[in-house]
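Peer 1: structure for this input, please:
(one chain, ligands or ions: 1)
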Amino acid sequence: MNVDDLRDKTIIVTGGAQGIGKAVALRLVRAGAAVVVADIDGEASAEMAEEVAEPGALCFLPTDVSDEASVAGMVEAALAWRGAVHGLVNNAGIANPGSTPVESLDLAAWNRMIGTNLTGVFLCVKHAAAPLRAAGGAVVNIASTRALQATPHTEAYSASKGGVVSLTQALAMSLGPAVRVNVISPGWIAVNDWKKRALRTPPTLRAVDHEQHPAGRVGRPEDIAEMAAFLLSDAAGFITGQNFVVDGGMTRKMIYLD
Ligand code: NAD
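Peer 2: Numbering: from 1, shown residues only. Next up, the predicted model:
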């Protein structure tokens with residue numbers, strides 16, 4: 001099986017109704033997979049269902065990844081749909097890193113961020129582990145370059161993504177050899193065009209936004225989707241426990257002031 005052949009595979013993509021997750025879900029469908037879109041946003045899911053050319057390849061299951069009963073029900077429904085789960089992409093997240101000084105960051109906001117971005121990954125893997133083992137499957141988690149570098153006042157988001165990188169390593173040890181587990185750390189990915197209509201805004205990217213990247217441009221959801229499709233495929237059979245930074249080279253750029 002190569003990266004463009006995910007036929008007969010059933011893959012869950014959390015947060016798959018918008019942004020990066022939507023691009024991942026549609027890329028996997030293009031490779032032949034049946035994809036469960038597990039998203040909390042019903043409006044976004046309904047819009048996506050209207051848009052797709054292959055509706056039979058997608059199953060929309062309303063899910064809150066921070067809620068264990070919701071996750072358990074989603075995995076059960078995925079199994080009822082196709083009888084197996086071969087892949088899991090833990091993409092759902094509160095994508096806004098925020099900007100609240102730690103002295104005034106309230107515990108509820110911290111817990112909400114950790115609950116979705118980190119505990120959500122744990123819960124999805126916990127409930128999908130048995131079918132993934134049975135299928136000899138693969139997990140791809142979505143962290144962030146903010147697991148590796150920071151701007152001020154982003155403690156909750158940064159910690160959640162650092163946690164996802166460490167969780168990935170541990171899971172790769174625990175679930176191998178049956179299941180491979182990797183993580184992608186995206187840099188700046190422009191998701192505006194992949195949002196539900198109500199959240200789309202006029203384009204705001206400036207030349208300097210693109211030019212500061214060693215790769216010459218801001219990232220696109222498709223950049224992450226390509227890496228996810230590869231990591232889920234048998235072509236990546238010798239790769240597990242790894243963090244793939246997909247950021248146009250930004251974390252390799254020396255930034256000391258002259
Ligand atoms: P987005 O907001 O466009 O999409 C996130 C999706 O997740 C939405 O459809 C939302 O409804 C869903 N979601 C949120 N909370 C959920 C929950 N509790 N249960 C189920 N679904 C839920 O965000 P995005 O920019 O596409 O980000 C996707 C992932 O990539 C996130 O984990 C984010 O942290 C990460 N990331 C994004 C960027 C970027 O620049 N866009 C960079 C690094 C990492």
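Peer 1: nearest to the ligand within the stretch 51-200 of the chain, name that residue for me.
Peer 2: Gly93 (2.5 Å; C-beta to the nearest ligand atom). To be clear about C-beta, it is placed using only N, CA and C from the backbone, and glycine gets the same treatment.
Peer 1: next up, the contacts around that residue.
Peer 2: Contact analysis of Gly93 by C-beta atoms under 8 Å, 6 or more residues apart in numbering lists Gly15, Thr116, Asn117, Gly120, Ile142, Ser160.
Peer 1: relative to Ala134, how far out is it?
Peer 2: 27 Å (C-beta to C-beta, to the nearest Å).
Peer 1: before we move on, back to that, wait, which of the contacts of Gly93 is closest to Ser233?
Peer 2: Nearest to Ser233 among the contacts of Gly93, counting by C-beta to C-beta, is Ile142 at 17.1 Å.
Peer 1: where do the helices sit along the stretch 1-150 of the chain?
Peer 2: Listed in chain order, the helices of the stretch 1-150 of the chain (DSSP state H, counting those that start in this stretch) span 19-30, 42-51, 68-82, 107-114, 120-135.
Peer 1: how about the residues of the stretch 51-200 of the chain near the ligand?
Peer 2: With C-beta under 6 Å from any ligand atom as the criterion, the stretch 51-200 of the chain meets the ligand at residues 63-66, 91-93, 95, 116, 120, 142, 144, 186, 188-189, 191, 195.
Peer 1: quick check: pLDDT value at the residue lying closest to Ile12 once chain neighbours are set aside.
Peer 2: With C-beta to C-beta, 6 or more residues apart in numbering as the criterion, Ile12 has its nearest non-adjacent residue at 4.4 Å, and that residue is Val36. pLDDT for Val36: 98.
Peer 1: cool, and the one 10 residues further on?
Peer 2: Each residue has a pLDDT score; the one for Ala46 is 98.
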